[in-house]
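A.B. asks: Sequence and predicted model, in that order:
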Protein chains: 2
Amino acid sequence: MSDTTPPELPATASQGPLSYAIFQLARAHRGLAAAMLRAMNLHPGQELLLMRLFDRDGQTQAELLEHVGLDHSTVSKALRRMQEAGLLTRTPAPHDRRAMVVHLTDAGRALRQPIADMWRDLEEISVRDLTADQVAVFTECAHLVERSVRERDRPASAE
Amino acid sequence: MSDTTPPELPATASQGPLSYAIFQLARAHRGLAAAMLRAMNLHPGQELLLMRLFDRDGQTQAELLEHVGLDHSTVSKALRRMQEAGLLTRTPAPHDRRAMVVHLTDAGRALRQPIADMWRDLEEISVRDLTADQVAVFTECAHLVERSVRERDRPASAE
DNA sequence: AGCAATTACTTGGCTAGCCACATAAGAAGT
DNA sequence: ACTTCTTATGTGGCTAGCCAAGTAATTGCT
């Protein structure tokens, strides 16, 4: 304790450089994504649901939920707003009247290419100043950190 | 329905692996931070403001703002809630009656060590499965990506 | 059967975070 | 002095995201 308690603690970054870097990077990255999505009248996170539906239309909320990993209520509200925006429909499943099957509308399908372009632009900007090696290491490390964090967050999670 | 399914576009991850990794990592990381902060009756982001005040008490909102990089309204509201929670006080600056000087209360100062411990635990968990080299590369890359993204977000020096 | 547990989803309530607008006060130009 | 201009902060409105509680339908257990 005699070497780590100077009267002038620099800042938050020194206490946890990696955590702080994640925090700042996430906010900047999300900000750019939000700006790009706003041109399509979308909000951050909605494009992930749409991309899942582009991949396979007609999924239930539970199926979408499992892949994106968000809270039930978050997905439910986001889908309701996207339905009100005319991007998709939610109809009760025929053989399981609890479930709501989500289908894209024409307006929703029309966003497939714009979202793909936007996502590619975002990726290209993010990677711009990195070498291919750095991208590989960064992505690998991101997954490792994510797994550590998730394991700690859910003490009963066994993979 | 009659649309010829493209050769199985995997998912969002393949469109932008790095962006997707950032998104997922950020959510998991923030989730763990939120869980840890909840034990102290804090919310994500508040601890950053407090740590800034631990570093130097009696700053104005504008000074805090510059360092954390959030929107001024976000900081304004967060500080109001933290004041209502008894963690700090906001008093008009004597020589500049626009500015509000933020001072920690005893209750706020009491969180210094708990927050430092929590931040250290979070960092330790995040770094657990990484080598020192990986941490260095990851942090460096995070800053590079953040800079690229911020430059693009603010079209000030576009080529 | 019948009743409990699980699953699927909705709603309410809270904060974070952004934008846009509004207010107030100091600074600067005329 | 009298306007702008800039700065510092507050407020309203929107969505994202979480937790917690509630509803409805399916499954499971006795």
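C.D. replies: That came in fine, so what should we check first?
A.B. asks: So which residue is smack in the middle of chain A?
C.D. replies: Residue closest to the average C-alpha location in chain A (Cα atoms, centre = their mean): residue A:45, at 5.5 Å.
A.B. asks: Give me the distance between that residue and DNA strand C.
C.D. replies: From residue A:45 over to DNA strand C the distance is 12 Å, taken as Cβ to the nearest atom of the strand, to the nearest Å. For the C-beta atoms, the positions are set from N, CA and C on the backbone; glycine is no exception.
A.B. asks: what's the residue nearest to that residue when sequence neighbours are not counted in contact with, if anything?
C.D. replies: Nearest residue to residue A:45, sequence neighbours excluded (Cβ to Cβ, 6 or more residues apart in numbering or on different chains): residue A:78, at 6.3 Å. Applying Cβ atoms under 8 Å, 6 or more residues apart in numbering or on different chains, we find residue A:78 in contact with A:43, A:45-46, A:49.
A.B. asks: And the buried ones among the residues you listed, selectable in ChimeraX?
C.D. replies: Buried members of those, identified by 16 or more other Cβ atoms under 10 Å in any protein chain shown, are gathered into one ChimeraX selection as follows:
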select /A:45,46,49
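A.B. asks: near DNA strand D, which residues of chain A show up?
C.D. replies: A:43-46, A:70-74, A:77-78, A:81, A:95-98 (Cβ under 7 Å from any atom of the strand).
A.B. asks: ok, of these, which come out buried?
C.D. replies: The buried subset of these (16+ other Cβ under 10 Å) comprises A:44-46, A:70, A:78.
A.B. asks: Mind checking which of these land in strands?
C.D. replies: Among these, none falls in strands (DSSP state E).
A.B. asks: List just the nearest of those to chain B.
C.D. replies: residue A:70 (7.8 Å; Cβ to the nearest Cβ).
A.B. asks: Next up, the contacts around that closest one.
C.D. replies: By Cβ under 8 Å, 6+ apart, the neighbours of residue A:70 are A:45, B:27.
A.B. asks: do the same with the one 10 residues further on
C.D. replies: Applying Cβ under 8 Å, 6+ apart, we find residue A:80 in contact with residue A:90.
A.B. asks: how close does it get to residue A:88?
C.D. replies: Taking Cβ to Cβ, to the nearest Å as the measure, residue A:80 falls 10 Å from residue A:88.
A.B. asks: While we're on the residue nearest to the centre of chain A, how confident is the model there?
C.D. replies: pLDDT for residue A:45: 92.
A.B. asks: No further queries at this time; thank you.
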